[in-house]
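>>> this is a predicted model, with the sequence first.
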Amino acid sequence: MNVLALEFPPISHLFEWPEIAFHGTFYAINKTVLIYIAAVVITAAIFLLAGRKTDSLVPAGIQHVAEAGVTFIEESVVMETIGEEGKKFMPFLTTMFFFILFSNIFEVVPGIQFPANSRMAIPITLALVVWVIYNYVGIKSQGLGGYLKNSLFPPGVPKALYLIVTPIELVSTFIVRPFSLAIRLWANMVAGHLLLVTFAILSHTMFTSGIVGKVGSIAPFAMLTMMTGFEILVSVLQAFIFTILTAVYIGGSMHPAH
Amino acid sequence: MTNRRTRLLAAPLLALLALLAFAGPASASGESVGSCIAEKLEELIEESHGDLDEVLHELHVDTSIGDHFEKKCIEAPSPILPETNEIIWGGSAFLILFVLMVKKGFPAVRGAMDARAEKIRSDLDAAEQARVDAQSVQSDYEARLADAKTEASRLIDEGRADADQVRTGLIAQAEVDAAGIRERAASESAAATAQAISDLRAEVAGIALGAAERVVHASLDAEVQGRLIDAYIDEVAGTDG
């Protein structure tokens, strides 16, 4: 693919990974699956290692990561959006945050350089799980009638406006939410991956095109380095956004007034 | 600070300029899906020794060959590794960032972790000290409570002993008093008896005198005297009775 005289690899080469095992089956394993497996293993390893019984209560090494992560989710996500009642969702939210983070962060790991969430499967699956949970919490907390009434007819809105508000709420709360949640994560990771690949190819192309290009390649390479740092931030930020929106949806279902 | 920001902003600007200025003559890298399929077709034609009809026939009969080419050309060439140039340049960028992080970022993180550990350690020490203090206060309180109990017990015992002593004294005194009363009563009784006997004697003597007077007046014989005396004594006895 020729873009501004750059031979860019086909987009599919950046996202379509050949199967490695169980070819042709629904459980076939490719690079994306391996990254998800790695994300699960790393998340589990961090908390299993951090949760080991030690002589001292003072955290050290990996315990800092786990404790800081749990504290961060508790203070910045759960307490800010749901409150004390939300603490029962701590394991779910913490696991989801770390799983998404590690699935994303492989975007910058040399030799892997692919964010697993730039494929739609897991973002949409997680979003649907979130959809089921917040609807279940809403029905459990307010009853089916109360939940539907408070969701579709928000209190405090003039009755005449329900003609506009109710269809919007119906679409946004029950249909759009899971997709917006999934697409936000997926699109950010796709964009980040494309940016990194673009600057890597630009750097390579310029570096191999004579002395002027060699000197000029410093600029895209600097940009690549900055974007690598930025994408680490994006990986964390997207995991945080997915998690905090999940908490906001759960909190909203639990407390209709909020 | 301003210079640093300017430098940071200059980097993307330079990158954009470089893209516009040098992208044109840049050499090609990678391949398109179309060129990949064309390459695969060429290989197939070569295998068929240039017989295009045979290749077309083969593709027509076995559609999986075309699907296979398409799949091979759409999917990334390697199942795991990205494009080599992406690994080299992306890896180098990561390496630079990693070195920067090791030099600048990790010490800050390490400092924060150490500070956190230190805070937790001091909090734990403070909690331990508070626990020891509380334990000491509790021990002191328990000791005082035990002392108070002992003291109360001692006072109760003393009170009980004093009460016993008083009771014993009172009983002894009562016994003495009772003995005195009994003694006085006995002596009064004996005096009253003696007085009664004395009075009786006097009365009997009087009566005897009376009887004697009668005897004298009536010159009674011995038999009559005896009967009179007996009758008198019976009379007296009946009167006392």
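Arrived safely.
>>> tell me the residues of the stretch 101-250 of chain A that contact chain B?
Residues of the stretch 101-250 of chain A lying near chain B by Cβ under 8 Å from any Cβ of the partner chain: A:108-114, A:196-197, A:199-206, A:208-210, A:212-213, A:216-229, A:232. For the C-beta atoms, the positions are set from N, CA and C on the backbone; glycine is no exception.
>>> shaky segments in the chain?
By default, I'm working from chain A. Residue ranges of chain A with pLDDT under 70: A:1-7, A:257-258.
>>> you looked at the wrong chain, it should be chain B
In chain B (pLDDT under 70), the answer is B:1-32, B:215, B:217-221, B:239-241.
>>> regarding it, what is its longest helix?
Using DSSP state H to define each element, chain B has its longest helix at helix B:106-218.
>>> and that one, what does it pack against?
Secondary-structure packing of helix B:106-218 (3 or more Cβ pairs under 8 Å, 6 or more residues apart in numbering or on different chains; DSSP states H and E): helix A:62-72, helix B:222-240.
>>> still on that earlier bit, counting only helices, which of the residues of the stretch 101-250 of chain A next to chain B make the cut?
Using DSSP H to define helices, the subset of these located there is A:196-197, A:199-206, A:212-213, A:216, A:218-229, A:232.
>>> give me the domain ranges for chain B.
For chain B, automatic domain parsing gives the domain ranges B:32-83, B:201-240.
>>> just name the most buried of the ones you listed.
With neighbours taken as mean count of other Cβ atoms under 10 Å in any protein chain shown, the domains of chain B reach their highest mean count in domain B:32-83, at a mean of 14.
>>> now find how far off-centre it is within its chain.
Averaging C-alpha positions (Cα atoms, centre = their mean, to the nearest Å) puts domain B:32-83 77 Å from its chain's average.
>>> over to stretch A:171-186?
Chain-centre distance of stretch A:171-186: 13 Å, with Cα atoms, centre = their mean.
>>> what residues of it count as buried?
Neighbour counts over stretch A:171-186 (16 or more other Cβ atoms under 10 Å in any protein chain shown) mark A:173, A:177-178, A:181-186 as buried.
>>> could you check the angle helix B:222-240 makes with the longest helix of chain B?
Angle, helix B:106-218 to helix B:222-240, by axes from the mean of the first three to the mean of the last three Cα atoms, to 10 degrees: 150 degrees.
>>> could you give the number of residues near residue 159?
Using chain A. A:K159 has 8 neighbours, counted by other Cβ atoms under 10 Å in any protein chain shown.
>>> oops, wrong one, chain B.
Neighbour count for B:G159, taken as other Cβ under 10 Å: 10.
>>> with the one 3 residues further on instead?
Other residues near B:D162 number 10, with proximity taken as other Cβ under 10 Å.
>>> quick one: it from A:L202, how far?
B:D162 sits 108 Å away from A:L202, going by Cβ to Cβ, to the nearest Å.
>>> quick one, which of the helices and strands packed on helix B:106-218 is nearest to B:I96?
With Cβ to Cβ, the closest approach to B:I96 among the helices and strands packed on helix B:106-218 belongs to helix A:62-72: 23.9 Å.
>>> in the following helix or strand past the closest one, what's buried?
Going down the chain from helix A:62-72, the next helix or strand is helix A:79-81, by DSSP states H and E. Buried residues in helix A:79-81, counting neighbours by 16+ other Cβ under 10 Å, are found at A:T81.
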